[in-house]
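Student: Sequence isn't available, so here's the structure alone:
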C-alpha cells in the first residue's frame, strides 16, 4: 500500500474518533447543565389501585357426583315363568304400574284347593260349637276342628298373596332401565340379579366430599369473626356442569354427614337439586359452588398486581407516601373473580401497582396514575364506601 493511501486511511479514523468524542462531551455537558439547573430526571409512570375494605361473598367450589333420589331394584317375590314384559325400557314409570306378568296358573290352583276345604271345616266347627254346649263333644275335639279351620284360612291367605305377586309392579315413580330377562325366562323369588332398576331423577342428589381441613378452616374463620354466617343464604348451592355451563336451578344443602371417610379424610355434603328436564343423570361429575359466608372487610387486589418471587411467595409492589416503591409479601386466601382475597400483607389505603411493575424496583421514585379496568363491578364483591374527608 502506498504512503498516500495510508495517510488517507489514518486521517478518516482520526476524524471519526474526534466526532464520537465530541458527541459524548456534548451529552455529558447537557446532563451537567440539567443538574446545575435543578431539573429532576423523568420518573417512571405506574398505575395503582387503592385498597378499600369490600364486602365479599366467600364461596368454595368442590367436585361432586349426582345420585338418584330414589332407586328401586325390581325382583320377583315368587318362583315362576315370565309370561309378559309390560313396559318399554328407558321410559317413565308410575307407582303401581305392572312391569312383568308371571304365569299365575299354579298359584290360582293352590288358592282354589285351599278354598275347597274351607266350607267343610267351617261347618264342622259350627256343629262342634253347639255340641260342646250340650257336652256331646269334648273341648279337645272342638279345639282340633277350630285349629284345622284356621290353618286352611292361613293357606288361603298365603295363596292369595302369592297369586298377587305374579303381577310385578313398580314401588316408585321414575325412569326404568334395561330388562335383564325376556318373556319365557324362569325367575326365582328374591333372586340376586334384579329384573330391572327404576330411578327417580326429579329431584336428584349431588354428593360432595369436603375435606376435614376445609371444615376446620371454615370453623376458625367463623369463630374469629372473619366470616358472617348470616350475611347470605348458606343453604343455597350452585352447580357447574362438566362442560363448564352453569346449571340454571339452585340446590339446597340438605345435610352434612357426621362420619369421616378414613381413606379420603373427608365428609359428604348432600345437596338436593330440582331436575324437571332430566338434565342431570346419575353418576355425572359436577362442581358445586357452596356459600360459606360474607367477609365484610375483605381486601381484594387485582390478580395482575400480584407476582411471585423465586421462593414461590406472593408479593405486590406498593407506592408509599413519598411515592417510592415498596415490596410487600402477601398471604393469599383464594381467588374471587379476577381478584385475590388477601389475608395479610396489605391494608386499607395501600396503593398497589397494577401496571408498570416490570419497569420499577423497590426504592425507586415513581409517578402515580389511577388504574382503570373494565368490569370493576363484580357480582361477588361490593366496594365499601370510602370514609368522607369533608369536615364540614
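Tutor: Happy to help now that I have it. Computed from a prediction, not measured in an experiment: that's the story for all the values here.
Student: Give me the nearest residue to residue 356, chain neighbours excluded.
Tutor: residue 46 (3.6 Å; Cβ to Cβ, 6 or more residues apart in numbering). For glycine as for every other residue, the C-beta is placed from the backbone atoms N, C-alpha and C.
Student: To clarify, my last question referred to residue 94.
Tutor: Nearest residue to residue 94, sequence neighbours excluded (Cβ to Cβ, 6+ apart): residue 173, at 5.2 Å.
Student: Surely the one you found is in contact with residue 95?
Tutor: Yes. Applying Cβ atoms under 8 Å as the test, residue 173 and residue 95 come out as touching, 5.0 Å apart.
Student: on that earlier part again, contacts only, for the residue nearest to residue 94.
Tutor: Contact partners of residue 173, counting by Cβ atoms under 8 Å, 6 or more residues apart in numbering, are 92, 93, 94, 95, 200.
Student: Show me which of those is closest to residue 216.
Tutor: Minimum distance to residue 216 across these is 35.5 Å, recorded for residue 200 (Cβ to Cβ).
Student: Quick check: phi and psi at that closest one.
Tutor: The phi/psi pair for residue 200 (degrees, to the nearest 10) reads phi -90, psi 120.
Student: What is the burial count for it?
Tutor: Residue 200 has 18 neighbouring residues, counting by other Cβ atoms under 10 Å.
Student: hang on, it packs against residue 174?
Tutor: Yes. Contact criterion Cβ under 8 Å: residue 200 and residue 174 qualify, at 3.8 Å.
Student: what about the helices in this structure?
Tutor: Assigned by DSSP state H, the chain shows helices spanning 3-37, 105-133, 139-164, 212-224.
Student: mean pLDDT lowest for which of those helices?
Tutor: Mean pLDDT values for these show the minimum at helix 3-37, a mean of 49.
Student: quick one: the residue nearest to residue 49 when sequence neighbours are not counted from residue 359, how far?
Tutor: Distance criterion Cβ to Cβ, 6+ apart; nearest residue to residue 49, sequence neighbours excluded, is residue 371 at 4.9 Å. Noted for residue 371: a distance of 15 Å to residue 359, by Cβ to Cβ, to the nearest Å.
Student: Between the two, which has more neighbouring residues?
Tutor: In this view residue 371 and residue 359 are compared by other Cβ under 10 Å, and residue 371 has more residues nearby, 20 against 12.
Student: most centrally placed residue in this protein?
Tutor: For the chain, the residue nearest the mean C-alpha position is residue 288 (1.8 Å; Cα atoms, centre = their mean).
Student: My read is that residue 366 contacts residue 43, right?
Tutor: Yes. Assessed by Cβ under 8 Å, residue 366 is found in contact with residue 43 at 5.7 Å.
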